[in-house]
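A.B. asks: Here is a sequence together with a model predicted from it:
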Amino acid sequence: MISESLALGKRSLTKWTRNPFAVIVTSLQALFWLALFGNSFNPANAFPATAAGSLGPLQQAFGGASTYITFLTPGVISIVALTGMSFMGVDLVFDRINGYLDVLRAFPIPRVTIYFGGVIQNVAKGMVAAPITFLIALLVPDGLKLAQGFGVLNLLGIFGTIALLTTVFSTFFTGIAISVKSTDSFFAAVNFLTFPIMFTSTAFFPLSFFPGWMKPIAQANPISLASDAMRLLVVNGTLSPAQVSAFIRDWAGLSIFGLVFALLGIAMARNALRAK
Amino acid sequence: MRKIIDVKGLTKTFQPSARVVDGVSFAVEEGEIFSLLGPNGAGKTTTIRMLTTLTSISGGEASVVGRNVTKEPSAVRELIGVVPQEVTLDNELRGAENLLLAAKLHHVPTSLAHKRAEELLRLVELGESGSNRVSTYSGGMKRRLQLVTALIHDPKVLFLDEPTVGLDIQTRTRIWEYIKQLNREQGLTILMTTHYLEEADQLSDIVAIMDHGTIKVSGSPADLKESLHGDVLTVSVNDGGEDLTAFLRSVPNVTEVTRTEDSYRLKLPRVESALPAIIMSIASRNLRITETSFSKPTLDQVFLEVTGRSMRDAQEGNGNGRTDSYAAAHRSETK
């Protein structure tokens, strides 16, 4: 089942790489988030007397990040993962409409392989976009400032977090893509879900900015878990034992989401692909 | 010859109560080309979808290459190739890449897959186009590629759902040639659906005429046509007013004679074999034949005989394209 899933994943990736427009647009989403959102909503704008881009007295509230872009970058990486994973499943909707899904259903493979193929290609695309986001954040003026001690382990931790987060969203949205019958239904479902997920997370602002009733929701949000885990690595460089524990908690949370969504996605795929 | 496909009382009911296939039974023997012929909405595609494990069976049972379709769907899928009615290739992949993906999903070893892909592309005259993206192919090229994509794993049975629908006559004829070649040279058993009378007549060993979800009659095209009591020979004789009806009825192989104003209409099994005897019999009475013409029965006449309407009327009644009851039910199922 693994080699067949990889073959189906490769099919989508081959098509994606042959469409430079799609690759560029996917990869450059981050530029708009960082350049536009990062500047217009930058709390540092309220403190013009401080050094360029510095969060000044708000630095502590923003987890110790010296600039808003430093705080925002892990959030934007997570948001790009969310928007990318949510819409990339549309390939499967088109496969259903074009009849290609029936062709795949006629192959002697477990039908859930089609679902795994979709998940794999989404995660791979997400893993291409993430380093580009990271690089853009470093190049933006007053942008990402890496802490002293930031090294290969921090980088691996960040990419591990992205892999977990893309898996969480890919398993979830691929399940939706394989179940809906039309593009209208798919886009309606994606739009309905992505905005609440995005704006109940700590991608843009720290937890202390949320009203009390929203804090538990924001804390449990996968975007928050991923953003907070990456911030620990970006802002602190070397982690204290308490920060390591917080990092592990975030990863555990993401892993649970990934597992639950994968089981849910498999159930949705089985139901959608069985003979009726 | 062993039965490769065995279908008994196959039924499909789509909710709430559309019985699209109603107790269909037939058998296909090894190496045979078997056609389900009927207008849109007859239940042909649903039958093929049940046999290829794409649609569940509501009643009856079916086996393909000895494997039960309901109980062993994966084993069935290992042994069959399926060519759906719509062109369902990946347009953004190259021709050869479509074949190699199919090979991978059929567990064909990579080295063998490349060899098979090359052979199959050559077979359908796409050897030089295999490295081009499918989006650059013409409709006919896509159909040819789709046909061989279903053959990459060397299946025992090939299911073709309306293999030439929407194609021009030249492309259709070429597809027929490939189908005949595959059957003749590789002994491939083929079950196809069609609403083209000529296609069923030209390609099939056995034709089953379907209408309203049931098989009305089946047999070889020749037998089905002969069941209408053969060809019709019209003979004008300079008989000087004499009635030759009884005399002509006594000629061997003539089964029915009708006298019209200026000619005789003879029914006979095969006009080619009976004609010399008829000519000689008439000549033996010193009579002169002034005009002859003959017509052979068609599958459309068979369809008319068993359903009470012609294929053309049935087609127009149900609409063209996929507006049949199957399509309506299928849309609600999969889209």
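C.D. replies: Received it, and whenever you're ready, just let me know what you need.
A.B. asks: From here on, just use CA atoms for contacts and neighbour counts.
C.D. replies: OK.
A.B. asks: quick one: pLDDT of residue 34?
C.D. replies: You didn't say which chain, so I picked chain A. Reported pLDDT at A:Leu34 in the predicted model: 79.
A.B. asks: that's the wrong chain, I meant chain B
C.D. replies: pLDDT at B:Phe34 comes out at 96.
A.B. asks: so it makes contact with B:Leu191?
C.D. replies: Yes - between B:Phe34 and B:Leu191 there is a contact under CA atoms under 8 Å: 4.9 Å.
A.B. asks: residues from chain A in reach of chain B?
C.D. replies: Within chain A, the positions near chain B by CA under 8 Å from any CA of the partner chain are A:4, A:7-8, A:11, A:14-15, A:96-100, A:102-103, A:105-110, A:180-182, A:274-276.
A.B. asks: picking that back up, look at B:Phe34 and B:Leu191 and report which has more neighbours.
C.D. replies: Using other CA atoms under 10 Å in any protein chain shown, the more surrounded residue of B:Phe34 and B:Leu191 is B:Phe34, with 26 against 22.
A.B. asks: Could you look up the SS state of B:Thr55?
C.D. replies: Secondary structure for B:Thr55, judged by DSSP: H, G, I helix; E, B strand; the rest coil, is coil.
A.B. asks: Next up, phi/psi of the residue nearest to it when sequence neighbours are not counted, please.
C.D. replies: Of all residues not flanking B:Thr55 in the chain, A:Ala275 sits nearest, at 4.6 Å (CA to CA, 6 or more residues apart in numbering or on different chains). Main-chain torsions, A:Ala275, degrees, to the nearest 10: phi -70, psi 130.
A.B. asks: And the strands in chain B, which stretches?
C.D. replies: Using DSSP state E, the strands found in chain B span residues B:3-14, B:18-29, B:33-37, B:59-64, B:67-68, B:80-83, B:157-161, B:189-194, B:206-211, B:214-219, B:231-238, B:256-259, B:264-268, B:288-295.
A.B. asks: Can you give me the neighbour number for the residue nearest to B:Thr55?
C.D. replies: A:Ala275: 17 neighbours (other CA under 10 Å).
A.B. asks: Quick check: it touching B:Thr52?
C.D. replies: No - checked against CA under 8 Å, the pair A:Ala275 and B:Thr52 is beyond contact range at 10.1 Å.
A.B. asks: picking that back up, now for the residue nearest to B:Thr55: which residues touch it?
C.D. replies: A:Ala275 sits next to B:53-56 when contact means CA atoms under 8 Å, 6 or more residues apart in numbering or on different chains.
A.B. asks: Please list the members of the residues of chain A next to chain B that lie in helices.
C.D. replies: A:4, A:7-8, A:11, A:14-15, A:96-98, A:100, A:102-103, A:105 (DSSP state H).
A.B. asks: circling back: looking at the strands of chain B, which is closest to A:Asp91?
C.D. replies: A:Asp91 sits nearest to strand B:80-83 of all the strands of chain B, at 21.5 Å, using CA to CA.
A.B. asks: okay, and the common contacts of B:Phe34 and B:Leu191?
C.D. replies: Common neighbours of B:Phe34 and B:Leu191 (CA under 8 Å, 6+ apart) are B:Val28.
A.B. asks: And A:Thr167, what's its pLDDT?
C.D. replies: Looking at A:Thr167, the pLDDT reads 93.
A.B. asks: how much space between it and A:Ala188?
C.D. replies: Noted for A:Thr167: a distance of 22 Å to A:Ala188, by CA to CA, to the nearest Å.
A.B. asks: now swap in B:Leu275 and tell me
C.D. replies: 72 Å.
A.B. asks: More neighbours: the two, which one.
C.D. replies: More neighbours surround B:Leu275 than the other of B:Leu275 and A:Ala188, with 15 against 10 (other CA under 10 Å).
A.B. asks: So for the more buried one, what's the pLDDT?
C.D. replies: You'll see B:Leu275 listed with a pLDDT of 86.
A.B. asks: Name the member of the ones in helices among the residues of chain A next to chain B with the most neighbours.
C.D. replies: When neighbours are counted by other CA under 10 Å, A:Leu8 leads those with 25 neighbours.
A.B. asks: Apart from its chain neighbours, what residue comes closest to it?
C.D. replies: Spatially, and ignoring its direct neighbours in sequence, A:Leu8 is nearest to A:Gly117 (4.9 Å; CA to CA, 6+ apart).
A.B. asks: count of residues packed around the one you found?
C.D. replies: 23.
A.B. asks: element containing it?
C.D. replies: Assigned by DSSP states H and E, A:Gly117 falls within helix A:112-139.
A.B. asks: give me every residue that touches the closest residue to chain A within the stretch 101-250 of chain B.
C.D. replies: Closest residue of the stretch 101-250 of chain B to chain A, CA to the nearest CA: B:Leu105 (5.8 Å). Going by CA under 8 Å, 6+ apart, B:Leu105 touches A:4, A:7, A:107-109.
A.B. asks: which residues does B:Thr194 contact?
C.D. replies: Applying CA under 8 Å, 6+ apart, the residues contacting B:Thr194 are B:35-38, B:161-163, B:200.
A.B. asks: 6 Å instead?
C.D. replies: For B:Thr194, the contact set (CA atoms under 6 Å, 6 or more residues apart in numbering or on different chains) comprises B:37, B:162.
A.B. asks: In the sheet, which residues pair with it? Tell me.
C.D. replies: Beta-bridge pairing for B:Thr194 (DSSP bridges): B:Leu37.
A.B. asks: Per-residue pLDDT of it, please?
C.D. replies: Per-residue pLDDT puts B:Thr194 at 91.
A.B. asks: Compute the number of surrounding residues for B:Glu261.
C.D. replies: 6.
A.B. asks: low-scoring pLDDT stretches of the stretch 151-276 of chain A, where are they?
C.D. replies: Residues of the stretch 151-276 of chain A meeting the criterion pLDDT under 70: none.
A.B. asks: Show me where it has its helices.
C.D. replies: Listed in chain order, the helices of the stretch 151-276 of chain A (DSSP state H, counting those that start in this stretch) span A:152-179, A:183-199, A:215-220, A:222-236, A:241-273.
A.B. asks: most tightly surrounded among the ones you listed?
C.D. replies: Stretch with highest mean neighbour count among these: helix A:222-236 (a mean of 26; mean count of other CA atoms under 10 Å in any protein chain shown).
A.B. asks: same for that one, what does it pack against?
C.D. replies: Packed against helix A:222-236 by the contact rule (3 or more CA pairs under 6 Å, 6 or more residues apart in numbering or on different chains; DSSP states H and E) you find helix A:68-88.
A.B. asks: 8 Å instead, please
C.D. replies: Helix A:222-236 is packed against helix A:68-88, helix A:152-179, helix A:241-273, with contacts defined by 3 or more CA pairs under 8 Å, 6 or more residues apart in numbering or on different chains; DSSP states H and E.
A.B. asks: Please tabulate those in a markdown table, including the columns distance to B:Ser284.
C.D. replies: A markdown table is the format used below for the helices and strands packed on helix A:222-236 (distance: least, CA to CA, whole Å):
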| stretch | distance to B:Ser284 |
| --- | --- |
| helix A:68-88 | 85 |
| helix A:152-179 | 79 |
| helix A:241-273 | 73 |
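A.B. asks: Nearest to A:Ala130, out of the ones you listed?
C.D. replies: Proximity to A:Ala130 (CA to CA) singles out helix A:68-88 among those, at 6.0 Å.
A.B. asks: any idea of the angle that closest one forms with helix A:183-199?
C.D. replies: Orientation note: helix A:68-88 sits at an angle of 160 degrees relative to helix A:183-199 (axes from the mean of the first three to the mean of the last three CA atoms, to 10 degrees).
A.B. asks: That concludes my questions; thank you for your assistance.
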